[in-house]
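>>> Need coordinates for the following:
(one chain, ligands or ions: 1)
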Amino acid sequence: MPASRSHCSEVGMSSLTSSIPAARFESAFDARAGSRTERETASATDAHRDPLPLIRLQNLSKSFEAGGREVVALHGVSIDVQEGEILGIIGRSGAGKSTLLRCINGLERPQSGTILVEGTPVNRLGEADLAALRRRIGMIFQHFNLLSSRSVFDNVALPLELAGASRSEIESRVSDLLDLVGLADKRNVYPARLSGGQKQRVGIARALATSPRILLCDEATSALDPETTRQILALLGDINRKLGLTIVLITHEMAVVRDLCDRMVVLDHGRIVEQGAVADIFAQPRSEVTRSLLQDVLPDLPASLAQRLSDVPLPGSQPLLRLRFSGSKAGDPVIAELARQLDVAASVVHGAIDTIKGQPIGVLILALPERTAQPLPAIIDFLRERTTSVELLGHVLPAH
Ligand SMILES: Nc1ncnc2c1ncn2[C@@H]1O[C@H](COP(=O)(O)OP(=O)(O)OP(=O)(O)O)[C@@H](O)[C@H]1O
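Coordinates of the predicted model:
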């Protein structure tokens with residue numbers, strides 16, 4: 001987690017927290033969950049172990065019965081989410097993303113596995129405790145889910161009313177939240193008169209009303225245009241930094257993951273096929289599913305070259321290599337070293353460099369001469385020591 005992620009008390013957000021009747025929700029929730037949560041028990045019994053993450057999913061499996069057959073939505077899924085991080089979940093349609101998100105706030109119950117939120121086993125809670133838990137976990141949706149008969153103010157106030165907050169608490173809290181999301185001047189406006197971006201801002205303010213530590217986002221920007229998406233992502237990033245809020249989001253937009261998330265999980269047919277730091281996965285996607293999902297945001301082989309690629313060397317063809325770089329390796333003078341040390345004059349046929357979470361990542365596609373002083377495996381080994389990964393894409397014939 002970047003050091004810049006700080007908590008509300010450190011950044012002068014006290015008015016946002018002090019006016020919240022959150023302690024009321026917590027005490028009801030914790031009292032029913034037992035006198036000591038599993039988080040406390042774990043730290044008391046083993047002081048040397050890391051504390052539990054804010055969210056821990058262990059070996060979750062969930063199936064549905066549909067049309068007389070079993071549909072497996074999740075199979076053996078394990079994920080830890082640390083406090084303050086932003087985790088993106090991606091996968092093709094039907095991969096199990098929504099089911100996973102809904103397990104976190106108890107809207108779905110897995111058939112097996114454990115869900116710990118703040119150390120509390122969610123899948124063992126009764127309805128009353130689940131309702132208390134959901135007030136600690138905000139959620140925003142693709143279609144905003146606002147009540148059309150309520151003004152902006154009253155939409156944001158709703159969770160506080162349900163929690164029994166006083167009129168003055170509600171007034172103060174909702175005003176602070178509308179300031180936070182930049183909608184102070186829209187407090188008396190009804191949803192029908194708001195743009196999509198403004199509606200999502202109301203959704204965010206409402207989700208934050210009960211001071212959750214966790215925000216779940218279900219395709220929160222999918223209905224928005226690119227510019228509005230950027231504004232909403234900036235707002236979510238800002239809230240994450242200012243309030244220390246932990247965010248778990250599912251999205252079909254890879255740019256959202258690249259621009260906002262610290263870590264990502266790739267689901268396919270209910271299983272995790274890859275998880276890790278966004279910069280690492282973008283620098284070197286390991287699974288075919290990830291490569292296919294990221295293809296629009298990663299620089300790749302131009303179609304004109306792909307069409308001329310052969311698996312085997314042909315007379316006049318040149319070996320084509322894809323080099324990936326990340327971190328400090330992105331700045332190394334690899335091509336110059338290849339020429340100087342191995343006497344191989346490679347030509348760059350395609351390339352791009354990007355920065356994710358401050359970490360440079362790059363892709364370079366090199367064509368080697370047809371004949372080289374060193375054998376191809378030796379050249380690949382030489383490059384592997386100086387890059388994040390090297391792949392032989394094939395052999396390309398010159399364009400006519
Ligand atoms: N209530 C349900 N009843 C029956 N099948 C369900 C139910 N909910 C989900 N499924 C099935 O479980 C699988 C995973 O669904 P889920 O909605 O979690 O996927 P997803 O990755 O969120 O998909 P999308 O990106 O299309 O929203 C799918 O095959 C889906 O049809």
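
>>> tally of neighbours for the closest residue to residue 366 other than its chain neighbours?
Spatial nearest neighbour of residue 366, excluding adjacent residues (Cβ to Cβ, 6 or more residues apart in numbering): residue 346 at 4.3 Å. Placement of C-beta: from N, CA and C, glycine included. Look at residue 346: counted by other Cβ atoms under 10 Å, it has 22 neighbours.

>>> Mean pLDDT per element in the chain, and the minimum belongs to which helix or strand?
In the chain, the helix or strand scored least confidently by mean pLDDT, DSSP states H and E is helix 22-33, which has a mean of 34.

>>> follow-up on the earlier one: can you pull the contacts of the residue nearest to residue 366?
Going by Cβ atoms under 8 Å, 6 or more residues apart in numbering, residue 346 touches 321, 335, 338-339, 366-369.

>>> now swap in residue 117 and tell me
By Cβ under 8 Å, 6+ apart, the neighbours of residue 117 are 54-55, 104, 133, 136-137, 214.

>>> Swap in 10 Å and give it another go.
Residue 117 makes contacts with 39, 52-57, 81, 104-106, 125, 133, 136-137, 213-214, as judged by Cβ atoms under 10 Å, 6 or more residues apart in numbering.

>>> Likewise for residue 294?
Residue 294 neighbours (Cβ under 10 Å, 6+ apart): 90, 254, 257-258, 264, 266, 281-282, 285, 300.

>>> so can I have CSV of the residues you listed showing secondary structure?
Formatted as CSV, the contacts of residue 294 follow (DSSP: H, G, I helix; E, B strand; the rest coil):
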residue, secondary structure
90, strand
254, helix
257, helix
258, helix
264, strand
266, strand
281, helix
282, helix
285, coil
300, coil
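
>>> ok, of those, which come out buried?
90, 254, 257-258, 264, 266, 281-282, 285, 300 (16 or more other Cβ atoms under 10 Å).

>>> from the residues you listed, which single one is nearest the ligand?
residue 90 (9.1 Å; Cβ to the nearest ligand atom).

>>> you'd agree that closest one is up against residue 272?
No: applying Cβ atoms under 10 Å, one finds residue 90 not in contact with residue 272, separated by 11.1 Å.

>>> Give the intersection of the neighbour lists for the two.
Common contacts of residue 90 and residue 272, defined by Cβ under 10 Å, 6+ apart, comprise 265-266.

>>> Now stretch 73-93: buried residues?
By 16+ other Cβ under 10 Å, the buried positions in stretch 73-93 come out as 73-75, 77, 79-91.

>>> just to revisit the earlier point, next step: the contacts of residue 117 restricted to strands.
Members of the contacts of residue 117 lying in strands (criterion: DSSP state E): 55-57, 81, 137, 214.

>>> that older thread, now the buried ones among the contacts of residue 294 as JSON lines including pLDDT and distance to residue 161?
Formatted as JSON lines, the buried ones among the contacts of residue 294 follow (pLDDT from 0 to 100; distance: Cβ to Cβ, whole Å):
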{"residue": "90", "pLDDT": "97", "distance to residue 161": "36"}
{"residue": "254", "pLDDT": "91", "distance to residue 161": "38"}
{"residue": "257", "pLDDT": "93", "distance to residue 161": "35"}
{"residue": "258", "pLDDT": "91", "distance to residue 161": "38"}
{"residue": "264", "pLDDT": "97", "distance to residue 161": "36"}
{"residue": "266", "pLDDT": "98", "distance to residue 161": "40"}
{"residue": "281", "pLDDT": "92", "distance to residue 161": "42"}
{"residue": "282", "pLDDT": "89", "distance to residue 161": "43"}
{"residue": "285", "pLDDT": "89", "distance to residue 161": "46"}
{"residue": "300", "pLDDT": "68", "distance to residue 161": "51"}
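
>>> could you list every residue that touches residue 226?
So residue 226 contacts 253, 255 (Cβ under 10 Å, 6+ apart).

>>> Kindly report the same for residue 371.
Counting by Cβ under 10 Å, 6+ apart, residue 371 has contacts residue 318.

>>> Now the buried members of the contacts of residue 117.
Of the contacts of residue 117, these count as buried by 16+ other Cβ under 10 Å: 39, 52-57, 81, 104-106, 125, 133, 136-137, 213-214.

>>> Now do the spatially most central residue of the chain against residue 52, distance only.
Central residue of the chain (Cα atoms, centre = their mean): residue 88, 1.5 Å from the mean position. Counting by Cβ to Cβ, to the nearest Å, the gap from residue 88 to residue 52 is 22 Å.

>>> Residue 78 too?
13 Å.

>>> Sounds good, over and out.
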